[in-house]
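Trainee: Got a predicted structure plus its sequence, pasted below:
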Amino acid sequence: MTKEIVMPIVVTTGGPMDNMAILSRGETLTYRDMVDQISDELDDTNDTYLPQIQNAVLAAIRFCAREPFYFNRNREAVLATKPGYSCYDARDNATLAAFGSIHAVYCEADGQIFALKREPAEDLELLAGSNVMMGLPCLYGFFGQKLCLYPVPDKIYTIRLLLNPAALPAIKSAAEASPWFTEAFDLIKARAKYDIYKDILKDAPLAAAAFNDFREQWAALQAETSRRAGAGRLRATQF
């Protein structure tokens, strides 16, 4: 007769689940979370490649910042002119200190909207210095995070600025949240891993896999950007 052997199974738990920190992808992901995640996926238990991972994350952000996604895309800012004031800065609208550049400027007057012509900063300064004309602004210049209009507004006008992709604040702390981590975590991670596999580990197959992942994440963010803008459209795919 065969004797059945029963082996005890001992399970050690780590405590109640409600004591564990919950990481929210929409709120709390940081630079440190990104570096830790990549280190874990590379199985870099001794932090051998920690400096390279940190540099790869920052390089990935610089690369992806060229594309306007829904969290750094063109947006509009509005300010009201003051009679006799030619130049405006962040004290008039905080957005003036937080975007990349101006795409276009429009002025609303008497129920109509006029597009202002851009002039080099030095030319606008010469105009303002030689002949201080007041009236409806038709020229603008942007320098030193300051918007200048000419002629100098003679009354209150509504100025609308179409801004180019925002220059998101630089990452100053490992624990600091950033839209690149809260909104594009998987995109930045995939790009950083691609750079590491390609340039540091010299592993072509893994670099190719990471690049394919990056392309998928890029397409997903572009689709989400189009959806939020109400401009989504389906295109036929050829194989």
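Mentor: Everything's here; your move.
Trainee: Where is the longest helix in this protein?
Mentor: In the chain, assigned by DSSP state H, the helix with the most residues is helix 204-229.
Trainee: What are the buried residues along that helix?
Mentor: L206, A207, A210, F211, D213, F214, Q217, W218, L221, E224, T225 (16 or more other Cβ atoms under 10 Å). For every residue, glycine as well, the C-beta is placed using N, CA and C.
Trainee: isn't the first one right up against I200?
Mentor: Meaning L206. No. Counting by Cβ atoms under 8 Å, L206 does not reach I200; the two are 11.0 Å apart.
Trainee: What residues does the spatially closest residue to L42 that is not a sequence neighbour make contact with?
Mentor: Excluding the flanking residues, the one nearest L42 by Cβ to Cβ, 6 or more residues apart in numbering is Y49, at 6.6 Å. Contact analysis of Y49 by Cβ atoms under 8 Å, 6 or more residues apart in numbering lists S39, L42, I196, I200.
Trainee: Quick one: buried ones out of these?
Mentor: S39, L42, I196.
Trainee: Contacts only, for the last one.
Mentor: When contacts are counted by Cβ under 8 Å, 6+ apart, I196 is found next to I38, L42, Y49, Q52, I53, A56.
Trainee: The spatially most central residue of the chain: what secondary structure?
Mentor: For the chain, the residue sitting closest to the mean C-alpha position, by Cα atoms, centre = their mean, is N72 at 4.2 Å. The three-state label given to N72 by DSSP: H, G, I helix; E, B strand; the rest coil is coil.
Trainee: measure it to L221 for me?
Mentor: Counting by Cβ to Cβ, to the nearest Å, the separation of N72 from L221 is 11 Å.
Trainee: Look at the closest residue to L96 other than its chain neighbours and say how many residues are nearby.
Mentor: With sequence-adjacent residues excluded and distances taken as Cβ to Cβ, 6+ apart, L96 is closest to A90, at 5.0 Å. By the criterion of other Cβ atoms under 10 Å, A90 has 12 neighbours.
Trainee: ok, now H103?
Mentor: 15.
Trainee: ditto for T30
Mentor: Counted by other Cβ under 10 Å, the residues lying close to T30 total 19.
Trainee: check contacts around it.
Mentor: A174, A175, E176, A177, S178, F181.
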